[in-house]
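Novice: Return atomic coordinates for the entry below.
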Amino acid sequence: MSRSTALLPLLFLSTAAIAHDHDHAFGHDHAQTAPAMAQTTTPQRSAAERNATITAPLPEDQAAMKAHVMFLASDAMAGREAGTRDYDIAAQYVAAQFYAAGLRPGGDAGGYLQKVPLVAYNVADKGSAMWTPAGGQAQELVFGEDFVPAPVPDKRETSLSAPVVFVGYGIDAAQYGLTDYKGVDVRGKIVAFVPGTPSGLDGEARAFFGSAANKASLAAAKGAVGAIQIDMPRAGGRQRPFALLTRTYDAPRVTWANPDGTAHAMTPTTPVLGTLSQAGAAKLFGKNWDMAMKAAAATKPAYKPILAKGQMTVATKTSFKPMDSSNVIGIIPGSDPKLKDQVVVLSAHLDHIGVNEGGDGDRINNGALDNAIGIASLIEEAKRFKAAATPPKRTVMFLAVTAEEKGLVGSDYFANHPTVPLKSIVADVNLDMPILTYKFEDMIVFGADRSTLGPIVRKAVGSLGLPVSPDPMPEEGIFVRSDHFRFVQKGIPSVFLWPGQAGPGKAAVADFMGHRYHRPGDEIDQGIDWSQGPRFVSVNYAIAREIADGAERPVWNKGDYFGTLYKGPMAAK
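Specialist: I've put the predicted structure just below:
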């Protein structure tokens, strides 16, 4: 699970803490992996002791699942970082397992791999920013004092000059009481907004509306030609301090590449240009900025729009470095003449975060639970489908994606370059970092209450004697923070499955997140309860089978925010 989607105490309980790092402070949903967290000291064991744990005999179904993790999370895979040869080997392994399971290839040119042209991009230099007040002389916005630039993904060189308008949080969602654009015309202007969201929103709304990328998308829809973020006091834990931005402004980010070698931009007409400091904002907005600072000091800031009297000019250069990778895709064709052209996608991410730089001791982030065990579940679930007495009515696609840890990039590439017609995909069920260190007593299905997948999931899980529990951490907004959300953004009903936190679950999840998540300790001998592997596969199979064989295509519940926003199929009542 990516830091943006995962649970880290205080950073975010991001699958216990969810450290949402996607947007940096610049507004792109393509995060480069942040520096690894400090390791905790664990008791050292001899090689013989470790091997005794790793090679302990297990029943056949448990051993089959463990064998996948033994390979994918081995030191030889060096953390499976997307864009490396280590990841490529892991992808070939999954392709071979899909072949052995009897899946038909669903990738490029009749193979199992879909090439994903990743590209790393970063600001090539400090660029320049100028402010010209109405009727006055141009003045420099000093790098590191007034302004820090951001890379523009799809341009090698960017030069933009336009008026600037401050729009508070930059959110327009009347159903949540958020109308920052009311009475403001931003066409042809650069919008400036503060980080985060007002207090009082639930976790999903806060995560979605607080994303700088989503704010820029809204600005683009309203005709803005650029966007900047303003460093503000008390903006929340996801904001990087301006001083840190100054030191890390040229750190590379990763997304998928356009044909010309530049990077995919979510808002090509409205580039996110960088971040203004409070001092820089004062230069633009003059005495009116005092009003915004007074609002920021309130318990519940209520900002009013401010039009800066003048023009801002920004010039930047962006560098690009290609780093190819691939998704892995296998298919079981549907058997029903009327339903076989509809596709149910089962997804999991194959990549992890590689090797830590510097330091002594173990530096390999093996990613056993995050997410080798999710991939193992996907492979074993494919075997269940092939071994079934009857094939599924709808086509079932097994999708192992790359670069989730870079910001859901592989799933985004697939959603924009699907190997089947996009309109044929009826649902996505995502598996990301199931923590199988305890006997789970319930299931959590993020997003279940948003579509008709909810009743389907409850029926399938209930058939195995398990309840579906409410989201135990709604404040984290996990639904918008894993690969399934790239399907949601195409209007496709989707859910994300996790073993629940009833009984021993809560303590087990907290232990993993606090000590091994995104660290070298996420290894095969960390205390995984392999008896839970086949149980987890059984739950996933039951859910996928119910969707694949259901009489009706899944639809969004009437009026659901995401179903409406992304124009998905909607229930009539």
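Novice: low-confidence ranges in the stretch 201-350 of the chain?
Specialist: Counting by pLDDT under 70, the stretch 201-350 of the chain has low-confidence residues at 233-240.
Novice: Strands of that one, start to end?
Specialist: Taking DSSP state E, counting those that start in this stretch as the criterion, the stretch 201-350 of the chain carries its strands at 226-230, 253-256, 272-276, 306-307, 310-322, 325-332, 343-349.
Novice: and of the ones you listed, who's closest to T84?
Specialist: When the strands of the stretch 201-350 of the chain are compared by Cβ to Cβ, strand 325-332 sits nearest T84, at 8.4 Å. Yep, even glycine has a C-beta here, placed from its N, CA and C like the rest.
Novice: tell me what that closest one is packed against?
Specialist: Identification of packing neighbours for strand 325-332 by 3 or more Cβ pairs under 8 Å, 6 or more residues apart in numbering; DSSP states H and E yields helix 85-100, strand 104-105, strand 113-116, helix 373-387, strand 395-401, helix 409-416.
Novice: do that again at 7 Å, thanks
Specialist: Here strand 325-332 touches helix 85-100, strand 104-105, strand 113-116, helix 373-387, strand 395-401, going by 3 or more Cβ pairs under 7 Å, 6 or more residues apart in numbering; DSSP states H and E.
Novice: need the strands of the stretch 201-350 of the chain in JSON lines with mean neighbour count and distance to V539, can you?
Specialist: Output for those, formatted as JSON lines (neighbours: other Cβ atoms under 10 Å; distance: least, Cβ to Cβ, whole Å):
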{"stretch": "strand 226-230", "mean neighbour count": "27", "distance to V539": "41"}
{"stretch": "strand 253-256", "mean neighbour count": "25", "distance to V539": "32"}
{"stretch": "strand 272-276", "mean neighbour count": "28", "distance to V539": "40"}
{"stretch": "strand 306-307", "mean neighbour count": "18", "distance to V539": "52"}
{"stretch": "strand 310-322", "mean neighbour count": "19", "distance to V539": "39"}
{"stretch": "strand 325-332", "mean neighbour count": "26", "distance to V539": "19"}
{"stretch": "strand 343-349", "mean neighbour count": "28", "distance to V539": "12"}
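Novice: got these as JSON lines, with distance to V164 columns?
Specialist: Conversion of the strands of the stretch 201-350 of the chain to JSON lines gives the following (distance: least, Cβ to Cβ, whole Å):
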{"stretch": "strand 226-230", "distance to V164": "7"}
{"stretch": "strand 253-256", "distance to V164": "24"}
{"stretch": "strand 272-276", "distance to V164": "9"}
{"stretch": "strand 306-307", "distance to V164": "8"}
{"stretch": "strand 310-322", "distance to V164": "5"}
{"stretch": "strand 325-332", "distance to V164": "38"}
{"stretch": "strand 343-349", "distance to V164": "39"}
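Novice: Specify the stretch among those strands that is closest to F414.
Specialist: Closest approach to F414 among the strands of the stretch 201-350 of the chain is made by strand 325-332 (5.7 Å; Cβ to Cβ).
Novice: re the thing from before, mind checking the strands of the stretch 201-350 of the chain for the one nearest to A297?
Specialist: Across the strands of the stretch 201-350 of the chain, A297 has its closest neighbour in strand 226-230 (14.7 Å, Cβ to Cβ).
Novice: tilt between the closest one and strand 272-276?
Specialist: Interaxial angle, strand 226-230 versus strand 272-276 (axes from the mean of the first three to the mean of the last three Cα atoms, to 10 degrees): 30 degrees.
Novice: Would you mind getting the angle between strand 226-230 and strand 310-322?
Specialist: For strand 226-230 against strand 310-322, the angle by the same axes, to 10 degrees is 100 degrees.
Novice: Which other helices and strands does strand 226-230 contact?
Specialist: Packed against strand 226-230, as judged by 3+ Cβ pairs under 7 Å, 6+ apart, are the following elements: strand 190-193, helix 212-221, strand 272-276.
Novice: Listing partners with orientation, what would you give for that strand?
Specialist: As defined by DSSP bridges, the strand partners of strand 226-230 come to strand 190-193 (parallel), strand 272-276 (parallel).
Novice: my guess is V539 meets L464, correct?
Specialist: Yes: counting by Cβ atoms under 7 Å, V539 does reach L464; the two are 6.0 Å apart.
Novice: ok, those two, which is more surrounded?
Specialist: The residue with more neighbours, out of V539 and L464, is V539; 24 against 13, by other Cβ atoms under 10 Å.
Novice: got the contact list for the more buried one?
Specialist: V539 sits next to 443, 461, 464, 466 when contact means Cβ atoms under 7 Å, 6 or more residues apart in numbering.
Novice: check contacts around the last one.
Specialist: If I follow you right, that is L466. Counted by Cβ under 7 Å, 6+ apart, L466 has contacts 442-443, 539.
Novice: swap the cut-off to 10 Å and go again
Specialist: Listed by Cβ atoms under 10 Å, 6 or more residues apart in numbering, the contact set of L466 reads 440-443, 458, 460, 499-500, 502, 535, 538-539, 542.
Novice: Tell me where the longest helix sits in the protein.
Specialist: In the chain, with assignment by DSSP state H, the single longest helix is helix 532-549.
Novice: right, and the helix or strand after it?
Specialist: helix 561-565 (DSSP states H and E).
Novice: Point out the other helices and strands that that following helix packs with.
Specialist: The helices and strands touching helix 561-565, judged by 3 or more Cβ pairs under 10 Å, 6 or more residues apart in numbering; DSSP states H and E, are helix 203-210, helix 484-488.
Novice: and T269, how many neighbours does it have?
Specialist: Around T269 there are 12 other residues, counting by other Cβ under 10 Å.
Novice: Could you check how far it is from A174?
Specialist: For T269, the distance to A174 equals 24 Å [Cβ to Cβ, to the nearest Å].
Novice: what do you get for L273?
Specialist: On the measure of Cβ to Cβ, L273 and A174 end up 28 Å apart.
Novice: Where does the prediction get shaky in the chain?
Specialist: 1-43, 233-240.
Novice: related to what we said a few turns ago, also compute the angle for the longest helix of the chain relative to strand 325-332, please.
Specialist: Here helix 532-549 runs at an angle of 70 degrees relative to strand 325-332 (the same axes, to 10 degrees).
Novice: CA atoms only for helix 532-549 - export them in CSV, please.
Specialist: Extracted in CSV, the C-alpha atoms of helix 532-549 (Å, rounded to 0.1, in the frame of the first residue of the first chain):
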residue,chain,number,x,y,z
GLN,A,532,-5.7,-17.1,6.9
GLY,A,533,-4.4,-17.0,3.3
PRO,A,534,-6.9,-19.6,1.9
ARG,A,535,-9.7,-18.0,4.0
PHE,A,536,-8.9,-14.6,2.5
VAL,A,537,-8.9,-16.1,-1.0
SER,A,538,-12.2,-17.8,-0.3
VAL,A,539,-13.8,-14.5,0.7
ASN,A,540,-12.4,-12.8,-2.4
TYR,A,541,-13.5,-15.6,-4.7
ALA,A,542,-17.1,-15.6,-3.2
ILE,A,543,-17.3,-11.8,-3.8
ALA,A,544,-15.9,-11.9,-7.4
ARG,A,545,-18.1,-14.9,-8.3
GLU,A,546,-21.2,-13.2,-7.1
ILE,A,547,-20.4,-10.1,-9.2
ALA,A,548,-19.4,-12.2,-12.2
ASP,A,549,-22.6,-14.3,-12.1
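Novice: so how far is it off the chain centroid?
Specialist: Relative to the mean C-alpha coordinate of its chain, helix 532-549 is positioned 23 Å out (Cα atoms, centre = their mean, to the nearest Å).
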